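>>> A predicted structure for the sequence below; I have some questions about it.
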Amino acid sequence: MNADRRARVAYLAGSLIGKREIHSLYDRSREKTLTGGKNLDMIRVSRLAEKRSCGVKRDPQGNNFCIINEAGQHLCFSVYGRIFDGYDHQSHSHFSGTVLDEFISLFDYGASDYFCYRI
């Protein structure tokens with residue numbers, strides 16, 4: 001995933017897991033604060049069943065979501081308490097991470113690296 005897409009994933013994880021509205025997100029790898037609006041927002045978040053027509057099977061034990069951006073591209077996203085994982089269909093990359101208070105850690109399997117954010 002590219003840096004902007006990872007930031008959106010972190011933003012969504014913080015919003016969904018923290019159950020709060022987030023107005024800004026600090027991206028440690030870019031040393032940059034991103035604000036809400038077009039920088040971070042995805043258009044629609046939909047609750048999913050464990051199976052999806054795209055072929056990605058989600059865990060029935062998780063809270064499963066489909067996140068769709070303005071171009072119609074989507075992420076499969078699952079939440080298990082403070083842990084999340086998913087698949088970015090645009091970059092064909094898996095990701096996983098945790099949310100602990102205002103800190104978000106994200107591992108991007110495509111980049112084989114961790115990325116840290118702060119709400």
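Happy to help now that I have it.
>>> what bits of the chain have low per-residue confidence?
Filtered on pLDDT under 70, the chain yields the residue ranges 36-58, 69-70.
>>> the strands in this protein, which residues?
For the chain, the strands defined by DSSP state E cover 24-27, 32-35, 44-47, 63-68, 74-80, 83-88, 93-100, 103-108, 113-118.
>>> Please name every helix or strand in contact with the last one.
So that's strand 113-118. Here strand 113-118 touches helix 3-18, strand 24-27, strand 103-108, going by 3 or more Cβ pairs under 8 Å, 6 or more residues apart in numbering; DSSP states H and E. Bear in mind the C-beta positions are built from the backbone N, C-alpha and C, glycine included.
>>> which parts of the longest one are buried?
Buried positions in helix 3-18, judged by neighbour count with 16 or more other Cβ atoms under 10 Å: 5-17.
>>> closest to residue 65 out of the helices and strands packed on strand 113-118?
Go through those one by one with Cβ to Cβ and the one that ends up closest to residue 65 is helix 3-18, at 7.0 Å.
>>> Please compute how far that closest one lies from its chain's middle.
Averaged C-alpha coordinates place helix 3-18 at 4 Å from its chain's average position (Cα atoms, centre = their mean, to the nearest Å).
>>> what do you get for stretch 63-71?
Its chain's C-alpha centre and that of stretch 63-71 lie 9 Å apart, by Cα atoms, centre = their mean.
>>> hey, what's residue 83 bridged with?
In this entry, residue 83 is beta-bridged to residue 80, residue 98, by DSSP bridges.
>>> contacting residues around it?
With contact set as Cβ atoms under 8 Å, 6 or more residues apart in numbering, residue 83 has these partners: 96, 97, 98.
>>> which residues touch the second one?
Just to be clear, that refers to residue 97. Contact analysis of residue 97 by Cβ under 8 Å, 6+ apart lists 9, 10, 13, 83, 84, 85, 104, 105, 106, 107.
>>> re the thing from before, for residue 68, which of the helices and strands packed on strand 113-118 is the nearest?
Nearest of the helices and strands packed on strand 113-118 to residue 68, taken as Cβ to Cβ: helix 3-18 at 11.4 Å.
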